[in-house]
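Enquirer: 3D model of this:
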Amino acid sequence: MRELLKQIEAGLESGLYYLSLIASLILPDIYGAIDSSSGTASRKKYTDWFNKYVAPAYSTHLGQFLTGEDCYRFRCSLLHQGSSQHRQSTYARYIFVEPSATNVFMHCNIINDALNLDLKTFCKDVIAGTEKWLAEVEGTERYQANYSRFMRRYPSGLPPYMGGIPVIS
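Expert: Sure, this is the predicted structure:
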């Protein structure tokens, strides 16, 4: 789990913004599944997880900029159509500012009908939500049962399949 978070952060530092954004968008799916009795993902589990662990960072005195439902719709449009636009979204599109693009911090701005977010901040907010969630569930029986199926890196191989070389399975 933490290896995936480290790779998202490394991607941000290396300018691999698409990869970091896509990985950040799939995390609520994974965590909703790991934290469920069935061990499977669903729209409701995604939105509930996001609303609890990430959405509070997108709530200000001006209102709620990003909800679990909108993030789920964005996730669907990006992962399945390669688009930042979803016809049922609150916003016409999402605009992410690349971390190295400007010295001006641009985050949680509604520009016409689009939501502008700072890419690094968004990814780090999902990571922060992950850390909070892990602190709550990591030692639970449900987490342990579902995490055992989570894809991860095995630096010395995965006996009885392969040994002596790093694998991801």
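
Enquirer: pLDDT weak spots in the protein?
Expert: Judged by pLDDT under 70, the chain has no weakly predicted residues.

Enquirer: check contacts around the residue nearest in space to the middle of the chain.
Expert: The residue lying closest to the centre of the chain (CA atoms, centre = their mean) is S24, at 2.6 Å. By CB atoms under 8 Å, 6 or more residues apart in numbering, the contact list for S24 reads 8, 122-123, 126-127. C-beta: built from backbone N, CA, C; applies to glycine.

Enquirer: for these, which two are the farthest from each other?
Expert: Spatial extent of the contacts of S24 (CB to CB) is set by the pair I8 and F122 at 10.9 Å.

Enquirer: who has more neighbours, these two?
Expert: F122 (24 against 21; other CB atoms under 10 Å).

Enquirer: in a strand, that one, correct?
Expert: No: looking at F122 with DSSP: H, G, I helix; E, B strand; the rest coil, it is helix, so not inside a strand.

Enquirer: could you verify my assumption that it touches V97?
Expert: No: with contact defined as CB atoms under 8 Å, F122 does not reach V97; the gap is 9.9 Å.
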